[in-house]
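In: the following comprises the amino acid sequence and a computationally predicted model.
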Amino acid sequence: MQFCYIIRFFNHILPFYYLTQSVIADYNQGLTGGRPIDLTARQGRKEEMERCYPICLDVDSRRCIVVGGGQVAQRKVLSLVACAASVRIISPSLTIALEKLASEGKVEHIDRVYQPGDLKGAFLVVAATDDKSLNRSVVEEAKKRGVLHNVADTPGECSFFVPAVLRRGHLTIAVSTDGKVPALASLLRKKLEEIFDERKYTEITAFLSEARTQLMAKTESPEKRKESLYTLANMLLEGESVAEAREFLKQVLESEAVD
């Protein structure tokens with residue numbers, strides 16, 4: 001049974017592999033006139049490639065600071081607000097969109113340039129100004145305080161990178177090049193939008209989340225819960241409807257009641 005799952009999973013991943021190769025080829029063609037890019041030709045090679053540990057970070061109600069008020073800062077702020085972070089912007093000027101967020105009380109605005117000490121109590125900080133010296137000062141304080149830090153377009157100064165993200169309901173797909181080639185990550189994300197239909201995967205993830213809750217409550221065996229969830233997920237990925245999957249779930253739960 002597990003072998004069957006692996007084969008099905010491989011069949012879903014294989015098209016993405018070829019998609020990735022296609023996007024890289026297109027990117028190489030446009031950037032270098034056809035000469036391939038060696039993405040590993042950097043100091044440290046293997047060590048540098050493996051230094052990033054992918055995680056999903058819970059920033060709900062945590063103090064997240066963005067230093068800067070331009071378009072780059074705006075993108076960072078909007079993504080943090082969408083994840084329910086407690087956002088503080090430090091900048092003497094803001095974009096119209098950021099001014100609106102501040103006036104609505106959705107973010108806090110400190111109307112001045114960054115000063116040492118501003119990172120007290122912060123969970124993470126993003127430095128998004130055009131002033132490299134200022135950004136460096138932000139990083140120095142962040143390191144002293146143990147605050148996660150990101151500097152826009154300066155991967156060498158970052159303790160974390162923000163990937164290109166595609167969301168479909170409870171499904172989050174993140175694409176990262178460890179800060180090396182963000183344009184490639186962005187292109188891949190756009191290609192993935194064509195593959196992962198928003199309505200379909202929002203419905204699928206909502207149903208599977210509900211199914212998992214019911215199975216956790218009514219199925220004692222961890223192995224049976226896992227097997228049932230794998231079966232449900234594979235049914236939906238193979239093209240069967242949510243209604244058909246729901247009927248299968250009903251049968252599983254009824255069999256548990258009889259047992």
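Out: In hand now; what should we look at? Numbers count the residues shown, from 1 in each chain.

In: where are the low-confidence patches of the stretch 51-200 of the chain?
Out: Judged against pLDDT under 70, the low-scoring parts of the stretch 51-200 of the chain cover residues 51.

In: tell me where it has strands.
Out: 63-67, 86-90, 108-110, 124-127, 148-151, 164-168, 171-175 (DSSP state E, counting those that start in this stretch).

In: strand partners of the last one, parallel vs antiparallel please.
Out: So the one you mean is strand 171-175. strand 164-168 (antiparallel) (DSSP bridges).

In: coming back round to it: so which of the strands of the stretch 51-200 of the chain is nearest residue 138?
Out: Residue 138 lies closest to strand 124-127 among these, at 4.2 Å (CB to CB). C-beta coordinates here come from the backbone N, C-alpha and C atoms, glycine included.

In: want to throw the strands of the stretch 51-200 of the chain into a markdown table with distance to residue 206 and mean neighbour count?
Out: Listed next are the strands of the stretch 51-200 of the chain as a markdown table, based on distance: least, CB to CB, whole Å; neighbours: other CB atoms under 10 Å:
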| stretch | distance to residue 206 | mean neighbour count |
| --- | --- | --- |
| strand 63-67 | 28 | 25 |
| strand 86-90 | 27 | 23 |
| strand 108-110 | 33 | 16 |
| strand 124-127 | 29 | 26 |
| strand 148-151 | 31 | 22 |
| strand 164-168 | 10 | 17 |
| strand 171-175 | 10 | 16 |
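
In: dump those strands to CSV, plus distance to residue 245.
Out: Shown next, in CSV, are the strands of the stretch 51-200 of the chain (distance: least, CB to CB, whole Å):
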stretch, distance to residue 245
strand 63-67, 38
strand 86-90, 38
strand 108-110, 44
strand 124-127, 38
strand 148-151, 39
strand 164-168, 17
strand 171-175, 16
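
In: per-domain residue ranges of the protein.
Out: Listed domain ranges for the chain are 58-159, 198-258 (source: automatic domain parsing).

In: name the helices or strands packed onto the helix or strand harbouring residue 205?
Out: Element membership of residue 205 [criterion: DSSP states H and E] is helix 198-218. Where contact means 3 or more CB pairs under 8 Å, 6 or more residues apart in numbering; DSSP states H and E, helix 198-218 is packed against strand 164-168, strand 171-175, helix 222-237, helix 242-258.

In: surely residue 209 touches residue 203?
Out: No. Here residue 209 does not reach residue 203: they are 11.0 Å apart, not a contact under CB atoms under 8 Å.

In: got CSV for the helices and strands packed on helix 198-218, with distance to residue 113 too?
Out: Formatted as CSV, the helices and strands packed on helix 198-218 follow (distance: least, CB to CB, whole Å):
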stretch, distance to residue 113
strand 164-168, 30
strand 171-175, 32
helix 222-237, 50
helix 242-258, 52
